[in-house]
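1. Here is a sequence together with a model predicted from it:
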Amino acid sequence: MCCARRWLLLTLSFSILVACASEPIYPKQPPRPESWPITAKSAIRPTIDNGSDPLPEPPELSVDQLLEEGAHFASTHKMPEALARWRWALIALIPQWRGLQYQHPVSAAFMSRDSLGVRLAQELESAFPEKQLEHITSLGELLGFYPEGFRLRELLLSLYSDEVGGFYDPNVKELFLVEDAPSPAKTILDLVSPGSAAQQQYVILAHELQHALADQHFDLHSMQAVAKADDDMSLALSALIEGDAMVVMTLPALPSRDRLPFLTMQNRILNQILQWVTPVAAQFTAGDAYRHAPSIIQAGMLWPYVQGMSFVMHLTQASRASRLRDVFAHVDAAYRRPPVSTEQILHPEKYLKEYDNPVILSWKSPPLPLRPYTPSYSNTVGEFQLGILLKSRMSESAALAAAAGWDGDTIQLLQVSGKPTALWAIEMDTVQDAEELRTALLEHLKGDNRPIPFSLVKSSRRIGLSIGKTINRQYLLEWVDGIQSTPKGFPMKKTPARTEYPEQPDDGILKFQQTNISTAAHHLPADIARITALKRLSSHVADEGCRCKTETCIGLFAKRLRDEITQAQNSGLAFPEDVNAQFLLDTARLQDCLTKSRSQKAP
């Protein structure tokens, strides 16, 4: 009902929780037009205006050189050149963190926000034809997810056009970054780190490159095709994919010594952090469209990123690995045996330890009073969306507790005598769980101000519900008892994409990754620029200090160098070994000059 199926792997600006202060280094672009649909003369702008990639082949530069050059180009507003270098740096770095190598090069291009609107409109039409969106809207209105007369298509286009910072499309193997950043002080990153548009582009690039890496190894397009008709399974798959990319995009901001402890932190600490992040992220999300969207839309957009990150970090914690490249072993295994329900994402122990597979509920015909009928649309609601529905009429804790015993469901929109009717069957883990959910659903339906007729029954662990038409209790009970139940799995099968990667890995990119293994601490672009400036300052201070003719003058230069280094270290900036060596060398030079000055002064 939240239409959260990912036809594209989108990076939402408000979900970028990695923040690092910097000065404004990327100019804002004009806001997008308000009218829809948007028409653009050129939907895609390559990485530079003449249509060529600044670095199409693996460059003969080290990771540190690529990051340093990228920071330089970003500081002079040459973002295509900066991102070309960051792309190759990340293509070398991500495999060192993730334990998987890129098999093929990954190109990146810019897309304006107006052109993004055109692309999203095309993709939305392909994924959700107009009639299907009408059925989704009707079902959402019956359940209470949407207000009457809700315009779902317009909201989705507006939301994603405002919030998306970049995307990777596994169907055509394309990676795009949105050229213009959102308006100032609207996203979390803007609020924590004003003017950090280049920083956003860097971490978005890391996020999308991780999608490309996962696609090359696990075929994301085929996985999405399997889950396409099941909202609950699709949300679970999105949580795995987006959670993996969220974790990877966090790593560049951490000193190398902190990455393994971060990925293996105790679940208790992780849960406390995420409990704080979720409401903060929702509170500061950009755009009026999001703020006024129904709660199911808001939660459906944010959930795969935040809850998915939690799920993936439960997997990395469970690895108990002592090396960074081994910590993602359980995550790789999850791509081979994907989670099939939001229940497994919300309760990782049901995936890791119990592997509590939900059930598929199926029936041949509806209760007699709903015949003749025309089937319009069917789906699975799942524990996550069930909890969102119940929260509208009760406390969050009570709603989540009532939904927590979910074991499977099926819902179908029927046209009965020309009117829409929702027929919903839910199976719970225990009889007690079913009774708790029956009470919660009754409270939800009776508390609804809309005069929509309904019938609700419970039979052992199952609940049957008709919304839009009242029917005899006995007919509904017979229907519920006759429903077939089978275990749900993830039937992996190949679905050809519009564009396929070559079968043979690219030798050039494999060699580039193998020759660029680095153990140095890597940083966000602003840190690289700051370290570069400190290196120059260190040499300058040592040179100027040694030109002094007095002990006091030399001492002042030495104190300045110590203060600059100490201030940077206290701010959490970690220096690569070569930089530390230069600081030690320049400090020693000043000390030698000071010693010589004292010896010349002595009688």
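-> Yep, that arrived.
2. can you pull out the strands in this protein?
-> Along the chain, the stretches classed as strands by DSSP state E are 9-12, 109-111, 164-169, 174-178, 359-362, 374-379, 406-416, 419-428, 454-459, 462-467, 484-487.
3. Would you mind listing the buried residues in the longest one?
-> For strand 406-416, the neighbour count (16 or more other Cβ atoms under 10 Å) marks 406-414, 416 as buried. In this view, the C-beta of every residue, glycine as well, is placed from N, C-alpha and C.
4. What count of nearby residues applies to the nearest residue to Thr532 once chain neighbours are set aside?
-> Once its chain neighbours are removed from consideration, Thr532 has its nearest residue in Glu68; the separation is 5.7 Å (Cβ to Cβ, 6 or more residues apart in numbering). When neighbours are defined as other Cβ atoms under 10 Å, Glu68 has 19 of them.
5. Where does the prediction get shaky in this structure?
-> Counting by pLDDT under 70, the ranges of the chain that qualify are 1-52, 180-196, 272-287, 448, 450, 518-529, 571-574, 576-578, 601-603.
6. try 50
-> Applying pLDDT under 50 to the chain flags the ranges 4-7, 12-51, 181-195, 284, 519-521.
7. that older thread, CSV please, covering the buried residues of strand 406-416 and showing distance to Lys173.
-> As requested, the buried residues of strand 406-416 are arranged in CSV below (distance: Cβ to Cβ, whole Å):
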residue, distance to Lys173
Trp406, 36
Asp407, 38
Gly408, 35
Asp409, 35
Thr410, 34
Ile411, 35
Gln412, 36
Leu413, 35
Leu414, 40
Val416, 45
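8. Farthest pair within those residues?
-> The most widely separated members of these, counting by Cβ to Cβ, are Asp407 and Val416 (27.8 Å).
9. for the strands of the chain, which one sits closest to Leu585?
-> Shortest distance between Leu585 and those, using Cβ to Cβ, is found for strand 174-178: 39.1 Å.
10. Adding distance to Pro261, write the strands of the chain out as JSON lines.
-> Rendered in JSON lines, the data for these read as follows (distance: least, Cβ to Cβ, whole Å):
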{"stretch": "strand 9-12", "distance to Pro261": "26"}
{"stretch": "strand 109-111", "distance to Pro261": "36"}
{"stretch": "strand 164-169", "distance to Pro261": "28"}
{"stretch": "strand 174-178", "distance to Pro261": "30"}
{"stretch": "strand 359-362", "distance to Pro261": "39"}
{"stretch": "strand 374-379", "distance to Pro261": "41"}
{"stretch": "strand 406-416", "distance to Pro261": "34"}
{"stretch": "strand 419-428", "distance to Pro261": "39"}
{"stretch": "strand 454-459", "distance to Pro261": "48"}
{"stretch": "strand 462-467", "distance to Pro261": "45"}
{"stretch": "strand 484-487", "distance to Pro261": "38"}
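11. mind checking which of these is nearest Gln582?
-> Using Cβ to Cβ as the criterion, the shortest distance between Gln582 and the strands of the chain is 33.7 Å, found for strand 174-178.
12. Show me how far that closest one is from its chain's centre.
-> Taking Cα atoms, centre = their mean, to the nearest Å, one finds the center of strand 174-178 at 15 Å from the center of the full chain.
13. same for that strand, what does it pack against?
-> In terms of contacts (3 or more Cβ pairs under 8 Å, 6 or more residues apart in numbering; DSSP states H and E), strand 174-178 is packed against strand 109-111, helix 113-127, strand 164-169, helix 197-218.
14. List the residues that contact the nearest residue to Val541 once chain neighbours are set aside.
-> Taking Cβ to Cβ, 6+ apart as the measure, Val541 lies nearest to Leu561, with 4.7 Å between them; neighbours along the chain are not counted. Applying Cβ atoms under 8 Å, 6 or more residues apart in numbering, we find Leu561 in contact with 537-538, 541-542, 545, 583, 586-587, 590.
15. can you check Val178 too?
-> Contacts here follow Cβ under 8 Å, 6+ apart; on that basis Val178 touches 110-113, 116, 164-166.
16. Dump the residues you listed into TSV; add distance to Glu174 as well.
-> As requested, those are exported to TSV (distance: Cβ to Cβ, whole Å):
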residue	distance to Glu174
Phe110	12
Met111	10
Ser112	15
Arg113	17
Leu116	13
Val164	14
Gly165	15
Gly166	11
